[in-house]
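>>> sequence isn't available, so here's the structure alone:
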């Protein structure tokens, strides 16, 4: 019985768990993840033990399964190997040839082994091809065409992909690691099994699609191609991409015919053979496809329910069966990884600056989750309620908990502060943070006073810092597209309503918060200015006052372009759209869908059936990226923020 510990409870972990219970000689002792809530989900779902440290789970295990992100493979595997524990690692073993060789040397020094995914070479399909190639049914092998293309991944609805216990597919990390680093090994481990050692003749790679919809901070090729030479002058062309349509086929060309494997992600994929036939003076490939007799393996059958129909645990069992350090086997993995690194090429890495968060409400939690998804360091959380600050610190794995503005340290490197406290606290907090040297993203409205807003922008300019009001929808890729689409229209309708029932403790119903104008109306006002130019005049068309605040407001604005807009905001409905003539763009705060269907029910049905024209994956990520790069004032500059603050102050005077 081999005791295994899983380190890393992300998306891929459930793929390992699909078949683990078929291996009676492997006993799962538990799991560890630095993301405590994610680890808890894994352990609850699979009824296993959570561990509070890498040290603890390593001590209790004979073998560590390293399922962390590629960047964490080296430190986790190094620790386990030095403790005398073998490691099975998700692909790639590390992110560089040098680091992978270091791990093999460390394994040999400690009489352990490190092997890694993929383990497709242990499949029935791989054994079938190896067996029949030995019989030479197609004579001398001349060439191999091997494809590993997965389609336009960035256009797929991957934000909806969840594993068995609810963890989302890590799109950003996958795109930043690159399709080659993630997938080329599937093909290369099979070719190594069938043809032995490869010699690289040529390699090329390219970043074909620069915009993957979500901002990336590590730019890596999405297309690669290698020409490899094997023994007996066998030449192979290996491609890997997320550009070409889905194709996971290998074709082996010989003097007598062709052997084809239709999908190498299917462990039981049929292996087909077609022979050449000569008719008169032409040699043609016979339309008759012979299925070669499958060869069984000693492993349990791969699952039929999994989309890829792979058994991720075969490599773990192979590792568990090793009684001593096996340099030759590890060298095979090194060779495959070495080719992968060369195919992948170098990445361009952009520094991600750290953040602190002020506030612990839903907005702060949402932004904190977005920062974590996009790998920004979170240095600390501020709240005058120490317990709530500590809870959010723990949830986000932040380093520091601040309970007063004095506790927040002076900046020593570029750091961004996200201010998500109640409106009346914005001025005090932003002023203090600018004084300490922080760039700032502040929830709207920046302040409740034009004079205070102007003062803060002047302070930011004096100190050379960024101060950005969080009208993040203007930073979505859809924003300039919609502006172009509505450019010829003389009148637009913009509605932003959200059902917020009255309760005395609700932030939105506090008189100091400014009612629906400051909470919701700022969105359509900002869009109106973005589309039509500055507001020169307005008229109040309707208002509803409840519990001492304006809970619904309708107005018409006139702009420098001579065009007009009908604007509505309120706490009583779910209407959120931009309307231009007969077209709707919805919703206004994250415009993802364009439709000519006016009926609300029919439009919602169509939205479910038709892919968004303007997909916004992880929408906060765009404004975070602009702040990180120092470009955040191009869509919503300070002068626009000040203009809208003045307009809102005038509207507020008119309605009160």
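Perfect, thanks for sending it. Since the model is a prediction, treat every value here as computed from it, not as a measurement. Numbers count the residues shown, from 1 in each chain.
>>> what about the nearest residue to residue 46 once chain neighbours are set aside, how many residues nearby?
Among residues not flanking residue 46 along the chain, residue 17 sits closest, at 5.7 Å (Cβ to Cβ, 6 or more residues apart in numbering). In this view, the C-beta of every residue, glycine as well, is placed from N, C-alpha and C. By the criterion of other Cβ atoms under 10 Å, residue 17 has 21 neighbours.
>>> residue 17 contacts residue 164, correct?
Yes. Using Cβ atoms under 8 Å, residue 17 is in contact with residue 164, at 7.3 Å.
>>> ignoring the adjacent residues along the chain, who's closest to residue 498?
The shortest distance from residue 498 to any residue other than its chain neighbours is 6.1 Å, reached at residue 520 (Cβ to Cβ, 6+ apart).
>>> distance between the ends of stretch 113-132?
31 Å (Cα to Cα, to the nearest Å).
>>> hmm, I was thinking of stretch 469-486
25 Å.
>>> and stretch 412-429, by the same measure?
Stretch 412-429 end-to-end distance (Cα to Cα) = 19 Å.
>>> ditto for stretch 295-303
End to end - Cα to Cα - stretch 295-303 spans 17 Å.
>>> now that stretch: average pLDDT?
The predicted model assigns stretch 295-303 a mean pLDDT of 84.
>>> report the contact partners of the residue nearest to residue 170 when sequence neighbours are not counted.
Using Cβ to Cβ, 6+ apart and skipping the chain neighbours, the partner closest in space to residue 170 is residue 11 (5.9 Å). Residue 11 makes contact with 161, 163, 167-170 under the criterion Cβ atoms under 8 Å, 6 or more residues apart in numbering.
>>> need the max-distance pair from those residues.
163 and 170 (10.6 Å; Cβ to Cβ).
>>> pLDDT score for residue 306?
We have a pLDDT of 55 for residue 306.
>>> quick revisit: okay if I get the contacts of residue 11 as TSV plus pLDDT?
Shown next, in TSV, are the contacts of residue 11 (pLDDT from 0 to 100):
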residue	pLDDT
161	89
163	92
167	92
168	90
169	91
170	90
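>>> can you flag the buried ones in those?
The neighbour-count criterion (16 or more other Cβ atoms under 10 Å) marks 163, 167, 169-170 among the contacts of residue 11 as buried.
>>> so which strand or helix has the residue nearest to residue 170?
Assigned by DSSP states H and E, residue 11 belongs to neither a helix nor a strand.
>>> how close does it sit to residue 425?
Relative to residue 425, residue 11 is positioned 38 Å away (criterion: Cβ to Cβ, to the nearest Å).
>>> same question, residue 623
Residue 623 is 21 Å from residue 425, by Cβ to Cβ.
>>> neighbour count winner among these two?
More neighbours surround residue 623 than the other of residue 623 and residue 425, with 24 against 16 (other Cβ under 10 Å).
>>> buried residues in the helix or strand that one falls within?
In the assignment (DSSP H and E), residue 623 maps to helix 620-629. Of all the residues in helix 620-629, those buried under the rule 16+ other Cβ under 10 Å are 620-628.
>>> distance to residue 487 added to those residues, as CSV?
Shown next, in CSV, are those (distance: Cβ to Cβ, whole Å):
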residue, distance to residue 487
620, 27
621, 27
622, 22
623, 24
624, 28
625, 26
626, 23
627, 28
628, 30
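>>> tell me which of the residues you listed is nearest to residue 270?
Distances from residue 270 to these, taken by Cβ to Cβ, are shortest for residue 621, at 42.4 Å.
>>> I am finished for the moment; much appreciated.
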